[in-house]
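1. below: sequence and its predicted model.
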Amino acid sequence: GGSTTAILVNLPGESSSVVTAIDGYQMARQGHAGKALATAAIGSFFAGTVATVLLALFAPPLAELALTFGPAEYFSLMVLGLVASVVLAHGSLLRAIGMIVLGLLLGIVGTDVNSGTPRYTFDLPQLADGINFVVVAMGMFGLGEIISNLEHEESRSLVMKKVTGLMPTKEDFKRIAAPILRGTGIGSLLGILPGGGAMLASFVSYSIEKKVSKNSAQFGKGAIEGVAAPESANNAGAQTSFIPMLTLGIPSNPVMALMIGAMIIQGIQPGPAVVTEQPALFWGIIASMWIGNFFLIVLNLPMIGLWVRMIMVPYHFLFPGILVFCAIGVFSLNNADFDVYLMAGFGLFGYICGKLEMEPAPMLLGFIIGPMMEEYLRRALLLSRSDPMVFLQRPISATMLVLAAVAMAIVLTPSLRKKREEAFEE
């Protein structure tokens, strides 16, 4: 869905569609909008189908393996996940680390489960149960985005010609077949990695395609491969990112963090037990992906005109309704107006983070993973009678900690850090 507006009016509907807009919009300007839209839909459908098969095949055995993990292994895995999200975060490393630390601190606000001592509550009884995940997510991503959109509303240019000729030619299919396959493979792999997901997959896929394609000179000027590869990669990445969430209970990106929050609200503890104890939920998710992929084709192409007309509604008419629904949703959690004020505070903070180019995603991952990390750290130390060497004595735990240390050391070396920054800028 995010690719439709990216191609037609150069407005990406989501962050992973930013890359699609580069060549997709140029194709639309040249009168090939139909081909670009069909390519995006076909690539997404194929990649989504393959990734769903991978999820169905590999999640159950991975869940069986995860059941052998102890507290030390889970703690080390979460450390590795947070380090990976720092390494793969956009922009400054120091800012990404700062946002993760802030997320970890916000996650431990409330009453300590073991001692019953209030922590970081500032004597406010409303914070005794901690900060609700929905409050943080709606504030940082919802209100922060609203303020940012209002600031840029005047610069939105919505010019669209009638879209005709939706089907690519035989020659087009030859050109997009290999990019779709490569994009699917890249997206499937990167979706599983903590900190990866759809956005990183689309960027990496576009960069690789630009290097290996015979038509690399056309990239940025309307190359159909520049639409096929990132669209396939972001859909594959979006679906395989469910694997670590469902098997290990660890979110690989902010969307999966939201999913974990939703499962916890429903009384379901994400982790390896989900596959065996909640088979209806697990296979229901798989089935929903098949249905979603089918409707991706059915809804996306015939209703293009409707989707574009919706975004032509002036934003100042839309945002009051969005604000009201956000406020009602947050208020309904505990019937407390304090949560609404807290959401407003996080909204302002989210807007400031955007201005300072500090990604909210690492903070959200830290906020979700922090309390779980603390729990597994305490369990491991209790079982080992406070011996910190337990994390290095267990082979799987030690391996993951070594990988985390190596990843951090590599990315901190000046030459690699410079290359990383250049890659993100490109």
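-> On my side now, so go ahead.

2. go through stretch 374-388 and flag the buried ones.
-> 374, 376-377, 380-381, 384 (16 or more other CB atoms under 10 Å). Backbone N, C-alpha and C define where each C-beta goes, glycine included.

3. those residues in helices, which ones?
-> The helices in this structure, assigned by DSSP state H, contain 374, 376-377, 380-381 from these.

4. ok, back up a step: tabulate the buried residues of stretch 374-388 (a markdown table), appending distance to S188 and pLDDT.
-> Listed next are these as a markdown table, based on distance: CB to CB, whole Å; pLDDT from 0 to 100:
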| residue | distance to S188 | pLDDT |
| --- | --- | --- |
| E374 | 32 | 88 |
| Y376 | 28 | 86 |
| L377 | 32 | 90 |
| A380 | 32 | 91 |
| L381 | 37 | 91 |
| S384 | 37 | 89 |
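
5. same list, those, but as TSV with distance to A63 please.
-> Listed next are the buried residues of stretch 374-388 as TSV, based on distance: CB to CB, whole Å:
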residue	distance to A63
E374	24
Y376	18
L377	23
A380	21
L381	26
S384	26
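
6. quick check, nearest of those residues to I186?
-> Of all these, I186 sits closest to Y376, with 31.5 Å by CB to CB.

7. enumerate every residue touching the closest one.
-> Counting by CB atoms under 8 Å, 6 or more residues apart in numbering, Y376 touches 71-72, 74-75, 78.

8. 6 Å instead?
-> Residues near Y376 by CB atoms under 6 Å, 6 or more residues apart in numbering: 71, 74-75.

9. neighbour-wise, which of these leads?
-> F75 (26 neighbours; other CB atoms under 10 Å).

10. give me the pLDDT for it.
-> Looking at F75, its pLDDT stands at 89.

11. what's the answer for T39, then?
-> Reading off the model, T39 has pLDDT 90.

12. elements contacting the helix or strand hosting it?
-> When secondary structure is defined by DSSP states H and E, T39 falls within helix 33-66. In terms of contacts (3 or more CB pairs under 6 Å, 6 or more residues apart in numbering; DSSP states H and E), helix 33-66 is packed against helix 2-9, helix 170-192, helix 225-240, helix 242-248, helix 279-300.

13. buried deepest among those helices, which one?
-> helix 225-240 (a mean of 33; mean count of other CB atoms under 10 Å).

14. these two touch, right, P254 and A361?
-> Yes: using CB atoms under 6 Å, P254 is in contact with A361, at 4.7 Å.

15. and I97, backbone torsions?
-> phi -60, psi -40 (degrees, to the nearest 10).

16. who has more neighbours, P254 and A361?
-> Counted by other CB under 10 Å, P254 and A361 do not tie: A361 has more neighbours, with 26 against 23.

17. please report how far that one lies from G103.
-> Taking CB to CB, to the nearest Å as the measure, A361 falls 10 Å from G103.

18. repeat for V109
-> 11 Å.

19. now K355
-> As judged by CB to CB, K355 and G103 stand 19 Å apart.

20. where does pLDDT dip in the stretch 301-426 of the chain?
-> 305, 307-312, 415-426 (pLDDT under 70).

21. do the same with the stretch 101-250 of the chain
-> Ranges of the stretch 101-250 of the chain meeting pLDDT under 70: 153-166, 194-197.

22. and with 90 instead?
-> 107-108, 110-117, 120, 122-126, 128-130, 132-174, 186-223, 234-235, 237-250 (pLDDT under 90).

23. circling back: turn the helices and strands packed on helix 33-66 into TSV, including distance to Q30.
-> TSV is the format used below for the helices and strands packed on helix 33-66 (distance: least, CB to CB, whole Å):
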stretch	distance to Q30
helix 2-9	12
helix 170-192	13
helix 225-240	13
helix 242-248	37
helix 279-300	21
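
24. F122 is nearest to which of the ones you listed?
-> Of the helices and strands packed on helix 33-66, nearest to F122 by CB to CB is helix 242-248, at 32.7 Å.

25. name the nearest residue to K210, sequence neighbours excluded.
-> F219 (4.8 Å; CB to CB, 6 or more residues apart in numbering).

26. for G142, that is, sorry about that
-> Here the residue nearest G142, using CB to CB, 6+ apart, is C326, at 5.1 Å.

27. thinking again about what came up before, and the helices and strands packed on helix 33-66: which comes nearest S16?
-> helix 225-240 (3.9 Å).

28. identify the residues contacting that closest one?
-> Counting by CB under 6 Å, 6+ apart, 3, 16, 19-20, 23-24, 36, 39-40, 43-44, 47-48, 51-52, 54, 176, 179-180, 183-184, 186-188, 190-192, 197-198, 201-202, 205-206, 209, 213, 219 sit against helix 225-240.

29. in stretch 93-109, which residues are buried?
-> With the criterion 16+ other CB under 10 Å, stretch 93-109 contains buried residues 93, 95-97, 99-100, 102-104, 106-109.

30. one more: stretch 316-335?
-> 319, 326-327, 329-330.

31. please flag which of these sit within helices.
-> Those of these lying in helices (DSSP H): 319, 326-327, 329-330.

32. just give me the closest of those to L258.
-> Out of these, the member with the shortest distance to L258 (by CB to CB) is G329, at 12.6 Å.

33. what about that closest one, distance to G142?
-> To G142, G329 is 9 Å away according to CB to CB.

34. please apply the same query to S205.
-> 29 Å.

35. G187 too?
-> Where G142 is concerned, G187 sits at a distance of 27 Å (CB to CB).

36. what of L348?
-> Taken as CB to CB, the span from L348 to G142 is 12 Å.

37. the more surrounded of these two?
-> The neighbour count for L348 versus G142, taken as other CB under 10 Å, is higher for G142 (20 against 14).

38. close enough to count as contact, that one and F325?
-> No: if you go by CB under 6 Å, G142 and F325 don't touch, sitting 9.1 Å apart.

39. G130 belongs to a strand?
-> No: counting by DSSP: H, G, I helix; E, B strand; the rest coil, G130 is not found in a strand; it is coil.

40. okay but it is in contact with I108, surely?
-> No: with contact defined as CB under 6 Å, G130 does not count as touching I108 (8.1 Å).

41. state the helix or strand in which the closest residue to V101 other than its chain neighbours lies.
-> Using CB to CB, 6+ apart and skipping residues adjacent in sequence, the residue nearest V101 is G366, 7.0 Å away. Element membership for G366, per DSSP H and E: helix 360-383.

42. ok, G271 next?
-> Using DSSP H and E, G271 falls outside every helix and strand.

43. could you measure from the residue nearest to it when sequence neighbours are not counted over to L93?
-> Distances taken as CB to CB, 6+ apart put G249 closest to G271, at 3.6 Å, once the chain neighbours are dropped. To L93, G249 is 27 Å away according to CB to CB.
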